[in-house]
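In: The sequence isn't on hand, but the structure is:
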């Protein structure tokens, strides 16, 4: 493809994305295709001859778009938000244009140095302790990892290797495999599945500790587990706390966990994938308590901070512990500035060797919004979730399962779990909005999360109407089944009344 | 940023990338900045107020571009090529526009299914054995990993977990940590540093076996190591062979390695990161020998196949061995089509949980070039390397260190290692072309690799002139140092003659 054709194709693709975003509310958020739909639409082999971009772009509409779950639609309320913004898209595209691999400073000084700059910007924006800054005296600093899973894995593997080395020095009578066989990690039963999986990858058994009714992991719970394990001869290496659990957005108690970990010489990592962004807000400043005791943390810009996937910010109090664990240098990675401590070679801080110039999309996004705009974006999510919460509280048929936290509302129809599951099935079947369910102490509930690139109050109203109406239909269908067919007319009438009443109530409550 | 502004910014950025590529030969391939250059150019904190895209785009020219090492320049000859192409850039940008996270089928059917399609297309294009196809009967298939490091790590961790499980069944008297403490992996001393590092991450000791003068790992070498280790009580789990080593692009002997591994029940993984693409060429069909004996392999589309980083294709003969090793499902990942074997849930095949819609850039690139165009691209690299090889052979001051392979020429000035290192330093100092050195049996040599988005014969001629002239300068400077200052005029005269002679010889040989 020549330069002129790229200009045409590229600009047509920009318009495609702009049109897609502009009209995203016209699509059902969930696709209607059946598994395997695509296999019949495409040839079984790569075409022999070159094709032109106009045909390919048409096929994106014909073949791809029908199979997309529209994560950027404001009608997406499942999982946590996956950030996206126009400046991030453009920033990443320019990074593709440079297509550099930043595994060392000489491979593109701008790639490494801009990452140092934006990670310090972000650390200051979140009011993290000084020692996490590259520009501070110590060995701390931040790096952009791909995902939270990778950030947690890096922390876990570093804690593992550092412990093995320390134990070999203090207990020369133990073999390396004796030591490795005794290691144990901790997290809560509310932590993301990636943490359990990371422990599997690291070959370190992990105890997912039971939390209390508040779903919060505390220092007391951790200390009890540590004492039990030490008594059995195990060697605790790391605790992964969560700030904003996947199920209910609970916050583990960092001050007490930090105290225990620091006393025992155990690495404390915080997975703040979703909630980390809220550290920037003064009204959430109590969230910052305990971060001074933490060895490492990650939060996903690709969840709450307008930079699209993949972009998980990670900070380390002492990056040398990671570098020291993973560094296997060869001559072909050497360059003359190597070893200057103020310029990190980020390849030693991560799982893969190669790395994309991700700092560019971060830098362009942060500047486009400014600190003010970023805070406004987080607050918008919170305000919209509050709006939804009011709807739930105003409808006596529903209950909250925990307090709303940030952009997440956990709720359910009162009564049997069956109502929750039936409601979810009915919503997913209709494809207008997408939520998922989770479980709290044997109660199934729905997680309503504010998502999408540009959600508005009307989108929240739309979602609530959909939930309320579907639930009215469901319970009326149930009544129908328990009544004779002769009562059908009355039921249908009742159903319409329910919806109207409900609608009027909403107007009242929300205003 | 609103929709209309995005259209303007996006199109300006497309022009920025097009202009950059059009004028890439005007830039020195290596930047002139000093470490820390960027820290003075940017404010220490994220700006409070939003900035406009015009200012940001200006800053990309002012702040970022001077710190870029131009990997897409045809004057880049270091490492291996990092692919880039216009359709890949556009494809990735559209993927950013959708910004879906494809960790399960329901999260975007098109994301999973297009990956199945393009991985089968590629397997057929490379003439891989049938059992690597998703569309074959068995449990095999392909996945897009981020990097070769991750692909190798996935293979290593799966081999580790499968062995532990098998051993626990056959040797119930052994504890899990006993078993883990006995595991051992193999690769050659020529394999990429990421393999040694992956073993460190996996906590599996690896033996980097010495190869013969041909730098090829053979079944005999492996078998001897296995026998030694088994005699010592170790449990061999995996051999990572390389097709196209980083140093000299050597090909390990797959047929003999495969025979040994299959007999001993050891996982055989092939890292064909660079050379894998050549499997598509009939003139390289002998490269395909032995792939029928392989358990898994990876090759980087982001090296040779016009799709930009990150994009490492990996195939597994039995994907269930990976899924079985890593699967820790939770309720929030469930969907109603889960478990249908023809639609893989790729999150179980990889290290991170989240995943980008990378199949889109692959699909758009493959269609834009067609099988014909892709083969022509690989052959262009080979032809250009042959052109460079002829220059080296025609100059009696230089020698090849190994035969040219694909797009890599390994060469050096004859004599002491000092000449090689001095020449490299002088080239890097001038920044016109970028090469790196490596070592073969105590001899330092230079790796000349055909790289860049669109290299042409003239670029090869330019690189050779630069190398030749710099070397002439160097040896004349040396003469100068051994002579008295009075001979200066003669030396300068000689120097100009050297260059002219050399230039005339080239013209002769290449035509």
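Out: Sure, I can see it. Model, not experiment: these values are computed from the prediction.

In: Quick one: check the helix or strand hosting residue A:111 for contact with chain B.
Out: For residue A:111, the host element (DSSP states H and E) is helix A:109-125. Yes: contact of helix A:109-125 with chain B (Cβ under 8 Å from any Cβ of the partner chain) involves A:109, A:110, A:111, A:113, A:114, A:116, A:117, A:120, A:121, A:122, A:124, A:125. To be clear about C-beta, it is placed using only N, CA and C from the backbone, and glycine gets the same treatment.

In: Give me the pLDDT for the nearest residue to the first one once chain neighbours are set aside.
Out: Counting by Cβ to Cβ, 6 or more residues apart in numbering or on different chains, residue B:67 is the residue found nearest to residue A:109 once chain neighbours are left out, at 4.1 Å. For residue B:67, the pLDDT comes out at 97.

In: how deep is residue B:67 tucked in, by neighbour count?
Out: 21 (other Cβ atoms under 10 Å in any protein chain shown).

In: Tell me if I'm right that it and residue B:37 touch.
Out: Yes: contact criterion Cβ atoms under 8 Å: residue B:67 and residue B:37 qualify, at 6.3 Å.

In: Pull up the overlap in contacts between those two.
Out: Here residue B:67 and residue B:37 have A:109, A:113 as joint contacts, going by Cβ atoms under 8 Å, 6 or more residues apart in numbering or on different chains.

In: Any stretches of the stretch 251-400 of chain A with poor pLDDT?
Out: Along the stretch 251-400 of chain A, the model assigns pLDDT under 70 to residues A:329-342.

In: Next, format the residues of helix A:109-125 next to chain B as CSV and append neighbour count.
Out: Listed next are the residues of helix A:109-125 next to chain B as CSV, based on neighbours: other Cβ atoms under 10 Å in any protein chain shown:
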residue, neighbour count
A:109, 27
A:110, 27
A:111, 27
A:113, 28
A:114, 23
A:116, 23
A:117, 23
A:120, 24
A:121, 23
A:122, 26
A:124, 18
A:125, 19
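
In: need those in CSV with pLDDT, can you?
Out: Shown next, in CSV, are the residues of helix A:109-125 next to chain B (pLDDT from 0 to 100):
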residue, pLDDT
A:109, 96
A:110, 97
A:111, 97
A:113, 96
A:114, 98
A:116, 96
A:117, 97
A:120, 97
A:121, 98
A:122, 98
A:124, 98
A:125, 98
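
In: Need the max-distance pair from those residues.
Out: A:109 and A:125 (24.0 Å; Cβ to Cβ).

In: quick one on the thing from earlier: what helices or strands is the helix holding residue A:111 leaning on?
Out: strand A:141-145, strand A:312-316, helix A:359-394 (3 or more Cβ pairs under 8 Å, 6 or more residues apart in numbering or on different chains; DSSP states H and E).

In: mind listing what's buried in the longest one?
Out: Residues of helix A:359-394 classed as buried: A:359-371, A:373-375, A:377-378, A:380-382, A:384-385, A:387-392 (neighbour count, 16 or more other Cβ atoms under 10 Å in any protein chain shown).

In: would you list every one of the helices in the stretch 401-511 of chain A?
Out: A:417-430, A:457-482, A:488-510 (DSSP state H, counting those that start in this stretch).

In: Averaged pLDDT, stretch A:200-218. What do you get?
Out: pLDDT averaged over stretch A:200-218 gives 95.

In: anything in that stretch near chain B?
Out: Yes: for stretch A:200-218, a contact with chain B is found by Cβ under 8 Å from any Cβ, at A:200, A:201, A:202, A:203.

In: Which residue, other than its chain neighbours, is closest to the last one?
Out: Nearest residue to residue A:203 in three dimensions, chain neighbours excluded: residue B:203, at 5.8 Å (Cβ to Cβ, 6+ apart).

In: thinking again about what came up before, worst mean pLDDT among the helices of the stretch 401-511 of chain A?
Out: Across those, the lowest-scoring stretch is helix A:488-510, with a mean of 50.

In: ok, residue A:182 - contacts?
Out: A:233, A:234, A:235, B:177.

In: From those, which land in strands?
Out: Among the contacts of residue A:182, DSSP state E puts residue A:235 in strands.

In: Dump the contacts of residue A:182 into JSON lines; add neighbour count, distance to residue B:51 and pLDDT as well.
Out: What follows is these, written out as JSON lines (neighbours: other Cβ atoms under 10 Å in any protein chain shown; distance: Cβ to Cβ, whole Å; pLDDT from 0 to 100):
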{"residue": "A:233", "neighbour count": "8", "distance to residue B:51": "58", "pLDDT": "96"}
{"residue": "A:234", "neighbour count": "17", "distance to residue B:51": "52", "pLDDT": "97"}
{"residue": "A:235", "neighbour count": "19", "distance to residue B:51": "50", "pLDDT": "97"}
{"residue": "B:177", "neighbour count": "18", "distance to residue B:51": "55", "pLDDT": "89"}
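
In: Which member of the contacts of residue A:182 is positioned nearest residue B:32?
Out: Of all the contacts of residue A:182, residue B:32 sits closest to residue A:235, with 50.3 Å by Cβ to Cβ.

In: which stretch among the helices and strands packed on helix A:109-125 comes nearest chain B?
Out: Closest approach to chain B among the helices and strands packed on helix A:109-125 (Cβ to the nearest Cβ): helix A:359-394, 4.2 Å.

In: and the angle for that closest one with strand A:141-145?
Out: Computed by axes from the mean of the first three to the mean of the last three Cα atoms, to 10 degrees, the angle separating helix A:359-394 from strand A:141-145 equals 80 degrees.

In: ok, and does helix A:359-394 reach over to chain B?
Out: Yes: Helix A:359-394 lies within reach of chain B by Cβ under 8 Å from any Cβ, at A:360, A:364, A:366, A:367, A:368, A:369, A:370, A:371, A:372, A:373.
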